[in-house]
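J.: Fold the following for me, if possible:
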Amino acid sequence: MNLRTLSVFLLVPILGTVLSAQDSKPADLGIHGFEVKRMDGSATKLAEFAGKVVLIVNTASQCGLTPQYEGLQKLQQAYESKGFTVLAFPANDFGQQEPGTNDEIAKFCKDRYSVTFPVLAKITVKGAGQAPLYEYLTKKSPFPGEISWNFEKYLVDGKGKVIARFDPRTKPSDPKVAKAIETALSPTDAAVGAAPGKAAITAACKEAGASDRIVMLDFSADWCGWCKKFEAFVERPEIKPIFTANFVMVRVATDHMADGQALYDSYVQGKSTGIPFMVWLDKDGAVLDRGFTTKGELIGYPSTPEEIAAFMAIFAKHAKKATPEQVEVVRKTLESLGQKPASK
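T.: Model (predicted):
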């Protein structure tokens with residue numbers, strides 16, 4: 001059974017707050033630390049959307065994907081009352097497909113698609129002059145990588161954290177988009193109450209606070225070949241000291257259910273156990289990072305070049321006590337071990 005193709009909506013907020021999370025540290029504001037321009041040129045801080053789930057989309061008026069405005073408006077109507085909004089950022093970076101002025105764009109959105117969600121001033125999302133918000137999204141968020149075309153989508157939780165990314169051809173009407181929004185809007189208490197290993201996670205967070213480390217959760221199934229490979233990797237004599245010096249390691253048992261709805265229900269409804277992926281937490285239990293590739297695929301064991309790059313970006317960011325030489329040891333060891341085994 002191969003779980004690499006599981007939709008990202010299943011993984012987004014499973015441990016959004018594994019414990020009774022406190023507020024994020026003041027310096028870690030996510031998108032809420034940025035200021036953008038409205039269509040009239042006035043400045044607005046994205047902090048005003050704190051507490052809301054936000055779908056950030058770079059849009060264009062003359063693109064083959066422009067009809068996605070209709071689907072975005074339907075999402076707005078369906079979830080606005082529950083604390084959700086779309087934020088559109090028109091950009092002319094792909095095929096010169098947004099040549100209009102701010103006034104022309106605003107009129108187009110209103111007249112053609114009856115848009116009610118905020119459409120911000122035209123910006124640059126790629127290349128020279130890239131807006132600071134998009135520099136953060138493409139380089140510093142949990143889903144790094146350049147914007148590929150118009151209508152790339154980032155889902156952001158109420159604390160300003162990017163929790164999912166959908167490629168341009170993923171329509172707003174795709175069930176996984178709605179599911180991700182619904183899950184982000186849902187209270188996490190039920191999921192937390194059912195989460196396996198909660199006591200161990202709580203203890204690990206306390207240990208992390210006392211030892212100036214962070215928690216790394218490894219969701220693992222006994223029968224899964226690539227989970228076993230990761231377990232063996234972190235136990236290697238040249239690797240284990242590096243990990244334990246920087247992370248409080250917690251392994252959480254999971255059954256890797258194959259059915260997508262069953263996976264979702266396991267956390268929302270408290271049924272069965274969980275799924276395999278990696279999560280990093282601070283001492284308060286707040287999620288710092290999740291192990292996803294830029295394509296939104298989970299990383300159970302980093303073996304492909306993209307998986308290794310994504311994993312190492314997270315590792316290097318949080319392994320504060322690791323020397324550059326130790327970071328390279330981790331990277332080179334992963335690269336030398338080759339492809340992960342197929343699941344049994």
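J.: and the helix or strand containing Val252, what's its mean pLDDT?
T.: Using DSSP states H and E, Val252 maps to strand 247-253. The average pLDDT within strand 247-253 is 86.
J.: That strand pairs with which strands?
T.: strand 214-220 (parallel) (DSSP bridges).
J.: residues of the strand holding Val252 that come out buried?
T.: 247-248, 250-252 (16 or more other C-beta atoms under 10 Å). Every residue, glycine included, has its C-beta placed from N, CA and C.
J.: With stretch 298-318 instead?
T.: Quick answer for stretch 298-318 (16+ other C-beta under 10 Å): 298-303, 307-308, 310-315, 318.
J.: Output stretch 306-315 as CSV, restricted to C-alpha atoms.
T.: The C-alpha atoms that make up stretch 306-315 are tabulated as CSV, following Å, rounded to 0.1, in the frame of the first residue of the first chain:
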residue,chain,number,x,y,z
GLU,A,306,12.7,16.6,-3.3
GLU,A,307,11.9,14.7,0.0
ILE,A,308,15.4,15.1,1.2
ALA,A,309,15.5,18.8,0.3
ALA,A,310,12.2,19.4,2.1
PHE,A,311,13.2,17.4,5.2
MET,A,312,16.6,19.0,5.4
ALA,A,313,15.1,22.5,5.2
ILE,A,314,13.1,21.7,8.3
PHE,A,315,15.9,19.9,10.0
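J.: Average pLDDT for that stretch, rounded please.
T.: Here the average pLDDT along stretch 306-315 is 91.
J.: Need the three-state assignment for Val125.
T.: At Val125, secondary structure determined by DSSP: H, G, I helix; E, B strand; the rest coil is coil.
J.: pretty sure it contacts Asn92?
T.: No. Assessed by C-beta atoms under 8 Å, Val125 is found out of contact with Asn92, at 9.5 Å.
J.: Give me the more crowded residue out of those two.
T.: Val125 (24 against 19; other C-beta atoms under 10 Å).
J.: what's the burial count for Gln326?
T.: 18.
J.: That one and Ile242 touch, don't they?
T.: Yes. At 4.9 Å, Gln326 and Ile242 qualify as touching, with contact defined as C-beta under 8 Å.
J.: Give me the common contacts of the two.
T.: Common neighbours of Gln326 and Ile242, counting by C-beta atoms under 8 Å, 6 or more residues apart in numbering, are Ala319.
J.: who's in contact with the strand holding Val252?
T.: In contact with strand 247-253 (C-beta under 8 Å, 6+ apart) are residues 195-197, 200-201, 204-205, 207-208, 211, 213-222, 231, 234, 243, 273-274, 280, 318-319.
J.: Send me it as CSV with only the CA atoms.
T.: The C-alpha coordinates for strand 247-253 follow below in CSV (Å, rounded to 0.1, in the frame of the first residue of the first chain):
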residue,chain,number,x,y,z
PHE,A,247,15.0,17.1,19.4
VAL,A,248,13.0,15.2,21.9
MET,A,249,12.0,12.2,19.8
VAL,A,250,8.5,10.7,20.1
ARG,A,251,7.3,7.7,18.1
VAL,A,252,3.5,7.4,17.8
ALA,A,253,1.9,4.2,16.6
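J.: Brilliant, that's me finished.
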